[in-house]
Every structure is written in C-alpha cells, then in structure tokens.
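A.B. asks: Fold the following and give me the result.
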Amino acid sequence: MGGPASSSSSSEEEDANWKAAIESIAATTTFANKVLSSTSNGSTSRSAPTTEAYAENSQDSRKLKHYQIKAQKCLDIILERTLEMVRDPVSDNDLDANDVGVRLFKHSPAGIVFDHLDEIQGPRKRPRILPGHGIDEKSKKFRHQIQSIAVDGADIISEARDAERKSLAQLEAKEAKAKAKAKKEEERVVELKRIRGERWLPSIAREMQVPSKKMKTIIKVWAINELGVINMN
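C.D. replies: As a prediction, the model looks like this:
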C-alpha cells in the first residue's frame with residue numbers, strides 16, 4: 001500500500017529540515033563557527049574567530065546579513081577587551097595573607113571566618129575641632145569671665161573673720177547654756193535639801209552622777225562648800 005515508504009520519506013525530509021535549521025542557527029553563534037573552523041582545517045585552534053572567518057563559514061551554510069555581521073563584530077570586540085586567552089594556567093597571587101575564611105565567589109567577602117584577627121579599631125567619627133577665637137581683653141565677656149574665677153585676698157580674710165566670730169558665738173552660747181543648766185541643777189538641789197534635809201543625798205547619789213567632768217567638779221565644789229564633804233568619788 002506504500003505506507004512504510006511514505007513514512008520513511010517523510011522522516012528523511014523532517015531530518016533534513018531539522019539539520020538545515022540547526023546549521024542555520026549554529027552559523028550565527030561563536031561556538032559553532034569555532035567548531036566549523038576547527039573541522040575544516042583539521043586541527044583545533046584556541047584563538048578567537050574573526051569576522052573574516054565568520055564570513056567564510058557563513059558562505060557555505062547561509063549568507064549573513066549586514067546587521068548580523070556588525071553584531072558579530074561588536075561581540076568580538078567586547079570579548080577581546082574583556083577576556084584574556086592564555087595557554088598556561090595563571091597563578092592567583094592576589095590573595096591576601098591576612099584574608100582567612102571561606103569564599104563562595106572570587107570577589108565576595110569571606111563568609112565563614114575560622115580565626116578572627118585582632119584589628120586596631122580606629123575612630124569611627126571624625127573629631128569636630130572648632131577654630132579658636134582671639135581673646136579681646138577689653139571686652140565685657142572677658143572681664144566677666146575673669147571676675148567669675150578671680151579671688152580677692154581681702155574678701156577671703158573678711159569671710160574668715162566672720163566665720164571665726166560665728167564659731168565663737170556658737171561656743172559661747174553653748175557654754176552659757178551649760179552654765180544655766182548647772183545653775184538650775186544647783187537650785188534644784190538646794191530646794192530638795194530644804195524640803196527633805198541632808199539624808200536624801202546618799203540615796204540619790206547614783207542618779208546625780210553625770211559623765212561630764214565639769215559637772216563632777218561643780219558638784220564636788222558645792223558639796224565641800226555646803227555640806228563639808230571632802231571625799232567624793
């Protein structure tokens with residue numbers, strides 16, 4: 001019925017069309033032209049293909065248009081400027097001796113640092129140094145500053161004398177208060193002596209004991225003069 005023959009012929013036509021489409025697309029790429037140049041010459045070449053090579057290879061497959069040739073030329077110029085074709089491997093000497101850690105990319109900062117290095121931290125902010133102004137000794141501001149910090153000797157002496165008078169007055173008032181208290185105590189004792197007689201004194205001797213030496217002296221003198229007691233502890 002002619003079925004297998006028709007199917008095989010249609011598959012061959014599809015393969016031929018597919019191959020032609022691949023070759024037409026590959027003709028406009030750098031990699032395909034590089035492969036075509038290597039197969040046509042019988043040896044591999046590591047140099048970048050030029051525009052003349054593209055034109056020669058394109059004549060076999062399909063004639064390139066003007067804008068395609070210009071685009072390929074621009075790509076060649078960009079590749080020649082950005083890429084450097086070398087035969088031997090280049091040693092990477094740009095690594096910093098103090099740079100430690102794991103880098104995911106070449107120009108990326110170190111992500112995982114195993115040993116932190118002690119670095120000297122400088123000032124983060126620039127110090128604000130204002131320019132100094134000249135001093136005008138005749139200005140009111142300068143005089144006020146001098147008066148606020150200056151000290152007069154006569155004022156110090158007068159203040160010292162006032163403080164001395166004040167302390168003496170306080171001391172005299174304290175002594176007068178103590179004398180008045182002692183006199184009041186003497187009057188109380190005299191009144192008790194008049195009411196109760198002389199026998200009450202030994203019974204309240206402990207209560208009359210005062211820790212002050214001055215009061216003891218006053219009581220001793222009073223006892224000698226009034227009661228005639230000589231030995232008092």
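
A.B. asks: quick one: the helices in this structure?
C.D. replies: Ranges of helices in the chain, per DSSP state H, are 3-26, 30-41, 51-61, 66-82, 140-149, 153-196, 200-203, 205-208, 213-222.

A.B. asks: Report the rounded mean pLDDT for the last one.
C.D. replies: Confidence over helix 213-222, taken as the mean pLDDT, stands at 71.

A.B. asks: same question, the first one
C.D. replies: Here the mean pLDDT over helix 3-26 is 66, rounded to a whole number.

A.B. asks: still on that earlier bit, what's the least confident stretch among the helices of the chain?
C.D. replies: Across the helices of the chain, helix 30-41 has the smallest mean pLDDT, namely a mean of 49.

A.B. asks: Let me see the domain layout of this protein.
C.D. replies: Following automatic domain parsing, the chain resolves into domains at 8-82, 153-227.

A.B. asks: Please look at residue 222 and residue 189 and confirm they touch.
C.D. replies: Yes. Using Cβ atoms under 8 Å, residue 222 is in contact with residue 189, at 7.4 Å. For the C-beta atoms, the positions are set from N, CA and C on the backbone; glycine is no exception.

A.B. asks: which of the residues in stretch 177-188 are buried?
C.D. replies: For stretch 177-188, a neighbour-count test (16 or more other Cβ atoms under 10 Å) marks 182, 185 as buried.

A.B. asks: Send me it as PDB with only the CA atoms.
C.D. replies: Below are the C-alpha coordinates for stretch 177-188, written out as PDB (Å, rounded to 0.1, in the frame of the first residue of the first chain):
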ATOM      1  CA  LYS A 177      23.600  77.000 128.200                       C
ATOM      2  CA  ALA A 178      25.800  74.600 130.200                       C
ATOM      3  CA  LYS A 179      26.200  77.100 133.000                       C
ATOM      4  CA  ALA A 180      22.500  77.800 133.100                       C
ATOM      5  CA  LYS A 181      21.800  74.100 133.300                       C
ATOM      6  CA  ALA A 182      24.300  73.700 136.100                       C
ATOM      7  CA  LYS A 183      22.800  76.600 138.000                       C
ATOM      8  CA  LYS A 184      19.400  75.200 137.600                       C
ATOM      9  CA  GLU A 185      20.600  71.900 139.000                       C
ATOM     10  CA  GLU A 186      22.200  73.700 141.900                       C
ATOM     11  CA  GLU A 187      18.900  75.500 142.700                       C
ATOM     12  CA  ARG A 188      17.000  72.200 142.500                       C
END
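
A.B. asks: Since that was my last question, I'll sign off now.
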